[in-house]
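Participant: okay, here's the prediction I keep looking at, along with the sequence it came from:
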Amino acid sequence: MDNREKTLDEFFRKNDSSLKRKFSKNAKKDESQKIDEYFETVAKEKAPRKKSFWEKVVDFFRTASFKNKFDEKKVSINKRQMEVEGKNQFWVKVTQFFINRFSFEAGVDILDDTSVLYRKNLVIRNILWVTNIVFFLFMLIGSEGSNRNLNIILALSVFLIMFFVSLTIRKIIFEDPKTLQKQQLAEYISAIYILLMAVTVYIKLQAMLGTDPEEGFFSITQAGYSLIYFALVVLSLYQDSKLLGTVFKITIIVMTIMHLTILYPVYLFATDITTLWNYLNGPILTDIILRTLVLAIFMIALYSTAKITEDMNNKRKTELIKRRGMEKDFKSVVSDVFDVIGVYKSRGILEEEKITAAAAKRVAEISSRLGNYLGYSPKLCKEIYDFSTIHVDQKGKLSLSDYDDKEVLEEDDFKRIREKTMVGSVIIKRLQLDQKGEDIVRAHFEKTADQDFIKEMNGIQNNRESQVILLAEVYEVLRQDRNYKRALKHSRAIDLLQLEFYPYFDPQILDRFVKYTDDFESLYYKLAQQ
């Protein structure tokens, strides 16, 4: 007995049922102990780790982020549904109004610096229009008592300044030709204007209303002070680090002068150093330093944000330039592929194109009928028919002439080109099947079809649906004249399919074609007469 037989004999002896019953109790006892020991070690090694507080916080934000994305998709779907149904059109129009007035990238080519800055100037101008109303309302505050006439004169003066500056900015922005230098000029005028106007409003409130909380206007003056910070935030929307750097230097100088003259009249105590120090020493000096420090930190934060955004936009521009270069290459390659397909099927003679179209229709009718005899569903038979004629019916779609004048392709253009590309790839598959039928017939007539050739041909689109179309294609080639053979009758074509071309088809497909040969002959005759 060899080792293999000994091993098998030992295997069956170990699995003997009598031995199992004999040692089952002891074995189960030992196994239970081993299992308990195993689970004790596993429990120690794989005990669930408790999450820390920060891990729980991170999980919370991860869940919230997923929910926000889900809700965003849901809201967008509901929004499109409401637009279709015509519901809440008022709020949709209001939302669209604010998007058009206060959105930076509404149809703007970010590679065109002039166009981008022009759009930014329009948005800032709309913000300035709202800001001017706020400034004017602040200027009207305190128009009571003995100061009423002075307040009204100041408010009207500021209104005239607002009006003429706004007209100047508008003229510079819209003046043709729209150059980058004009847009930059409008940018700097807008920046300096909103900053100085915020400072002017605060000076007026501070001078006319005072800083005593008991007078009831202390909170208003502090609100006027915050308008300066608001002006800096508006300037940061330009995302121009050079502009912010220049404005921040001006702001530090102007605010320091304002702190030492308007907020605290230091010049009244500047008779000598001792008197000045006695005035500044204490809460006043601390307040000035803290205000300057907060302003500096705030400006650094704005500058950093604008600088990061500017750098990201520059990288985005670089990637967009590369993408547009790829767009041109893609469009060029697709155009060349479409041209090759067109040249392949276009003989240059209208009559031959009609012959090709008629042949494709006969192949489609025969292949779809054969699919029906094979028990395919009506949908699949329709797909076989469409695939058989796609190189004739869809040939007109293989053109990119509509995009020749477009330097920049939009998302909808990409979708349409992608659809054309998919149609082109299907047409290439159909032409490959067409060429396969021609090569098979020619090889057999020229006696060059060896086993390697048969193997190579069977590696090309050899699924059942392709075989159905290929059989109709081979039959069509056999029935037509070629430069290497004459047209054959139906009976001779059937004989050759059974004797010569059977290695290329599934026996069931060929058998079904031969079984209904009379139907196919009458169908072909009917189509040939059309």
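Facilitator: Happy to help now that I have it. Treat the numbers as computed from the prediction; the structure is a model and nothing was measured.
Participant: please count neighbours and contacts with C-alpha atoms only from this point.
Facilitator: Noted.
Participant: so what's Thr63 scoring on pLDDT?
Facilitator: We have a pLDDT of 67 for Thr63.
Participant: my bad, should have said Glu31
Facilitator: Per the predicted model, pLDDT is 58 at Glu31.
Participant: now swap in Gln480 and tell me
Facilitator: Note for Gln480: predicted pLDDT of 91.
Participant: for burial, what's the neighbour tally of it?
Facilitator: When neighbours are counted by other CA atoms under 10 Å, Gln480 registers 13.
Participant: then Ile194?
Facilitator: Neighbours around Ile194, by other CA under 10 Å: 23.
Participant: so what pLDDT did it get?
Facilitator: For Ile194, the pLDDT comes out at 89.
Participant: which stretch of helix or strand covers it?
Facilitator: Assigned by DSSP states H and E, Ile194 falls within helix 180-209.
Participant: and if you look at Ile390?
Facilitator: helix 378-393.
Participant: which neighbouring elements make contact with that helix?
Facilitator: Applying 3 or more CA pairs under 8 Å, 6 or more residues apart in numbering; DSSP states H and E, one finds that helix 378-393 contacts helix 350-373, helix 411-445, helix 464-479.
Participant: which of those sits closest to Phe387?
Facilitator: helix 411-445 (7.0 Å; CA to CA).
Participant: so which bits of the closest one are buried?
Facilitator: 417, 420-421, 423-424, 426-431, 433-434, 436-442 (16 or more other CA atoms under 10 Å).
Participant: likewise for stretch 291-310?
Facilitator: Thr292, Leu295, Ala296, Met299, Leu302, Tyr303, Thr305, Ala306, Lys307, Glu310.
Participant: so which of the residues you listed is the closest to Gly245?
Facilitator: The closest of the buried residues of stretch 291-310, once distances to Gly245 are taken by CA to CA, is Tyr303, at 7.4 Å.
Participant: quickly find the element holding the closest one.
Facilitator: Per DSSP H and E: helix 283-345 holds Tyr303.
Participant: of all the helices and strands packed on helix 378-393, which one is nearest Asp176?
Facilitator: For Asp176, the closest of these is helix 411-445, at 30.1 Å, according to CA to CA.
Participant: what's the angle from the closest one to helix 464-479?
Facilitator: Counting by axes from the mean of the first three to the mean of the last three CA atoms, to 10 degrees, helix 411-445 lies at 50 degrees to helix 464-479.
Participant: who does helix 411-445 touch, helix- and strand-wise?
Facilitator: helix 283-345, helix 378-393, helix 464-479.
Participant: so which of the ones you listed is the most packed in?
Facilitator: helix 464-479 (a mean of 22; mean count of other CA atoms under 10 Å).
Participant: show me which residues of the helix or strand following that helix are buried.
Facilitator: Next along the chain after helix 464-479, taking DSSP H and E as the criterion, comes helix 490-499. Residues His490, Ala493, Ile494, Leu496, Leu497 are the ones in helix 490-499 that count as buried (16+ other CA under 10 Å).
Participant: tabulate these (CSV), appending pLDDT.
Facilitator: Shown next, in CSV, are the buried residues of helix 490-499 (pLDDT from 0 to 100):
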residue, pLDDT
His490, 91
Ala493, 92
Ile494, 92
Leu496, 92
Leu497, 92
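Participant: Ile321: which of these is nearest?
Facilitator: When those are compared against Ile321 (criterion: CA to CA), the nearest one is Leu497, at 57.0 Å.
Participant: and that closest one, how far from Lys120?
Facilitator: 73 Å (CA to CA, to the nearest Å).
Participant: same check, this time on Pro177
Facilitator: 17 Å.
Participant: these two: which has the busier surroundings?
Facilitator: Taking other CA under 10 Å, Pro177 and Lys120 do not tie; Lys120 has more neighbours (21 against 8).
Participant: against Ile133, how distant is that one?
Facilitator: 20 Å.
Participant: please apply the same query to Ile169.
Facilitator: 17 Å.
Participant: mind putting the helices and strands packed on helix 411-445 into TSV with distance to Ala191?
Facilitator: Shown next, in TSV, are the helices and strands packed on helix 411-445 (distance: least, CA to CA, whole Å):
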stretch	distance to Ala191
helix 283-345	14
helix 378-393	61
helix 464-479	69
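Participant: comparing the ones you listed, which yields the minimum mean pLDDT?
Facilitator: Within the helices and strands packed on helix 411-445, the stretch with the lowest mean pLDDT is helix 283-345, showing a mean of 76.
Participant: please name the nearest non-neighbouring residue to Tyr193.
Facilitator: Val165 (7.9 Å; CA to CA, 6 or more residues apart in numbering).
Participant: and that neighbour, what element?
Facilitator: Val165 belongs to helix 148-174, assigned by DSSP H and E.
Participant: who does that helix touch, helix- and strand-wise?
Facilitator: helix 113-140, helix 180-209.
Participant: quick one, the first one and helix 148-174 angle?
Facilitator: What separates the directions of helix 113-140 and helix 148-174 is an angle of 170 degrees, with the same axes, to 10 degrees.
Participant: pass me the low-pLDDT residue ranges in this protein, would you?
Facilitator: 1-50, 60-110, 142-147, 209-219, 323-351, 396, 398-411 (pLDDT under 70).
Participant: can I see the domain layout of it?
Facilitator: 53-87, 105-323, 349-528 (automatic domain parsing).
Participant: residues near the residue nearest to Tyr193, how many?
Facilitator: Counted with other CA under 10 Å, Val165 comes out at 15.
Participant: now it: how far from Val158?
Facilitator: Distance from Val165 to Val158, by CA to CA: 10 Å.
Participant: got it, and Gln508?
Facilitator: Gln508 is 94 Å from Val158, by CA to CA.
Participant: which one of the two is surrounded by more residues?
Facilitator: Val158 (18 against 10).
Participant: got a list of what that one touches?
Facilitator: By CA atoms under 8 Å, 6 or more residues apart in numbering, the residues touching Val158 are Phe136.
Participant: coming back round to it: nearest to Glu383 among the buried residues of helix 490-499?
Facilitator: Leu497 (24.6 Å).
Participant: how near is that closest one to Arg512?
Facilitator: In terms of CA to CA, Leu497 sits 12 Å off from Arg512.
Participant: quick check: phi and psi on Pro270?
Facilitator: To be clear, residue 270 is Ala; Pro isn't right here. Torsion angles at Ala270 (phi, psi; degrees, to the nearest 10) stand at phi -90, psi 30.
Participant: that one reaches Tyr279, doesn't it?
Facilitator: No: applying CA atoms under 8 Å as the test, Ala270 and Tyr279 come out as separate, 9.2 Å apart.
Participant: more neighbours: which of these two?
Facilitator: Neighbour tally, Ala270 and Tyr279, criterion other CA under 10 Å: the higher count belongs to Tyr279, 18 against 13.
Participant: how about that one: what's its closest non-neighbour residue?
Facilitator: Closest to Tyr279 by CA to CA, 6+ apart is Phe269, at 7.0 Å.
Participant: burial measure for the one you found, as a count.
Facilitator: Neighbours of Phe269 (other CA under 10 Å): 15.
Participant: buried ones in stretch 127-135?
Facilitator: Quick answer for stretch 127-135 (16+ other CA under 10 Å): Leu128, Thr131, Asn132, Phe135.
Participant: now do stretch 506-524
Facilitator: Result for stretch 506-524 [16+ other CA under 10 Å]: buried residues Ile509, Leu510, Phe513, Val514, Phe520, Tyr524.
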